[in-house]
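Novice: sequence unknown, structure follows:
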């Protein structure tokens, strides 16, 4: 009975001490706990998405774009070491390694030396890792986070490195680089030997006790104009469910791949629909960030595609339509426009200003390491 009374007395004293704390002291205590928890990172790449593409969401969408929710906004210069006008490989490698490199390089320096990526570095620190793309998962942007090859077209080598890299969750296309390969190796078997749940049919519920691989097209998934549906947003949600179930910090890269393809094709409908789909996915991610304040979201582009502008619209007689605009393409190639950077969450203030694309890596690492 004496021990029970002592426990009650101790509890009462503890409650009294807690209640005696000022609101500022309580706030500092909560802040200290939050600071000790590793920061999760969600990095979204709108491939080919310049300021005009972002602007299209404001003129062609039915609702207020989710882009408007950001207050920390910057601009990034995208040039590679070999070309003023970069490609996705060099652009994504700058994001993933913090070093600029030559056009077509994947995860290697200008002299083709492999460089550690942020995904690989955070995996060593116990982070979960994830990649989502609308193209083949071996395509330039996702590949730059786990592969190290001298040229982006070495898809079979890249696929093998994805298996070896043991990314916890990935979803996209690229079946043909894992099965029926030129070297005869069946990487489906290799994935399952690495304890992956492999789904080649649908974005099914993940197995939280295993790694999860979704290979859902021979190469790229359909575009929005071809009837893709909500794959990008659903893949993001599926990844979040998986990471949350395992109660560990994570790094996830999500690519809106076909904004770029719309620019290459000079297809305004495709470009607009892909931007709106990307913006819809941003909304899903922002909801997650709001519910999980120890998370940082950064949204940017590897380059702009199409030299796009949004200007006056005219009817068949050549008369201006006052309440309507249209998309104009200056080229079917990439441009060297500065591209926007949007940030939300812990450390978002680091991304304001104008800087080189490789600085984004260093800003992410700074946000992760700040105590």
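Specialist: Okay, I see it. Being a predicted model, the structure only gives us computed values, none of them experimental.
Novice: list the buried residues for stretch 117-124?
Specialist: 117, 118, 119, 120, 121, 122, 123 (16 or more other Cβ atoms under 10 Å). Heads up, the C-betas are built off the backbone N, CA and C, glycines and all.
Novice: just the ones of the residues you listed in helices?
Specialist: Counting by DSSP state H, the buried residues of stretch 117-124 place 118, 119, 120, 121, 122, 123 in helices.
Novice: ok, now which ones touch the fourth one?
Specialist: Going by Cβ atoms under 8 Å, 6 or more residues apart in numbering, residue 121 touches no other residue.
Novice: just to revisit the earlier point, residue 137: which of the buried residues of stretch 117-124 is nearest?
Specialist: residue 119 (13.0 Å; Cβ to Cβ).
Novice: that closest one against residue 167, yeah?
Specialist: Yes. With contact defined as Cβ atoms under 8 Å, residue 119 counts as touching residue 167 (7.2 Å).
Novice: for the chain, what's the longest helix?
Specialist: The chain, longest helix under DSSP H: helix 268-291.
Novice: which strands and helices sit next to that one?
Specialist: Applying 3 or more Cβ pairs under 8 Å, 6 or more residues apart in numbering; DSSP states H and E, we find helix 268-291 packed against strand 40-46, helix 51-60, helix 231-245, strand 250-256, helix 258-264, strand 295-300, strand 320-328, strand 339-345.
Novice: centre of the chain to the first one, how far?
Specialist: Right, the one you point to is strand 40-46. Relative to the chain's own centre, strand 40-46 is displaced by 3 Å; criterion: Cα atoms, centre = their mean, to the nearest Å.
Novice: name every strand pairing with that strand and say which way it goes.
Specialist: Paired neighbours of strand 40-46 in the sheet (DSSP bridges): strand 250-256 (parallel), strand 295-300 (parallel).
Novice: mind listing what's buried in the longest one?
Specialist: Yep, that's strand 250-256 we're talking about. 250, 251, 252, 253, 254, 255, 256.
Novice: hmm, residue 40 and the first one touching each other?
Specialist: Yes. Counting by Cβ under 8 Å, residue 250 touches residue 40, with 5.1 Å between them.
Novice: overlap in contacts of those two?
Specialist: 127, 243.
Novice: so residue 197 sits in a strand?
Specialist: Yes. Per DSSP: H, G, I helix; E, B strand; the rest coil, residue 197 lies within a strand segment.
Novice: wait, it sits on residue 210?
Specialist: Yes. Here residue 197 reaches residue 210: they are 4.9 Å apart, a contact under Cβ under 8 Å.
Novice: so residue 92, which state does it fall into?
Specialist: Classified using three-state DSSP, residue 92 is helix.
Novice: apart from its chain neighbours, what residue comes closest to it?
Specialist: residue 144 (3.5 Å; Cβ to Cβ, 6 or more residues apart in numbering).
Novice: and for residue 240?
Specialist: residue 288 (5.4 Å).
Novice: what separation do you get for the one you found and residue 51?
Specialist: 25 Å (Cβ to Cβ, to the nearest Å).
Novice: just residue 96 next, same as before
Specialist: If you go by Cβ to Cβ, the gap between residue 96 and residue 51 works out to 23 Å.
Novice: can you pull out the helices in the stretch 101-250 of the chain?
Specialist: 118-124, 140-143, 155-165, 187-193, 231-245 (DSSP state H, counting those that start in this stretch).
Novice: turn the ones you listed into CSV, including distance to residue 316 and mean pLDDT.
Specialist: Putting the helices of the stretch 101-250 of the chain into CSV (distance: least, Cβ to Cβ, whole Å; pLDDT from 0 to 100) gives the following:
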stretch, distance to residue 316, mean pLDDT
helix 118-124, 51, 98
helix 140-143, 40, 98
helix 155-165, 46, 98
helix 187-193, 54, 98
helix 231-245, 36, 98
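Novice: just name the most buried of those helices.
Specialist: Greatest average neighbour count among the helices of the stretch 101-250 of the chain goes to helix 140-143 (a mean of 30), per mean count of other Cβ atoms under 10 Å.
Novice: which strands or helices does it pack on?
Specialist: Helix 140-143 packs on helix 88-97, strand 128-136, strand 250-256, going by 3+ Cβ pairs under 8 Å, 6+ apart.
Novice: what would the ones you listed look like in CSV with mean pLDDT and distance to residue 179?
Specialist: Output for the helices and strands packed on helix 140-143, formatted as CSV (pLDDT from 0 to 100; distance: least, Cβ to Cβ, whole Å):
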stretch, mean pLDDT, distance to residue 179
helix 88-97, 98, 24
strand 128-136, 98, 13
strand 250-256, 98, 23
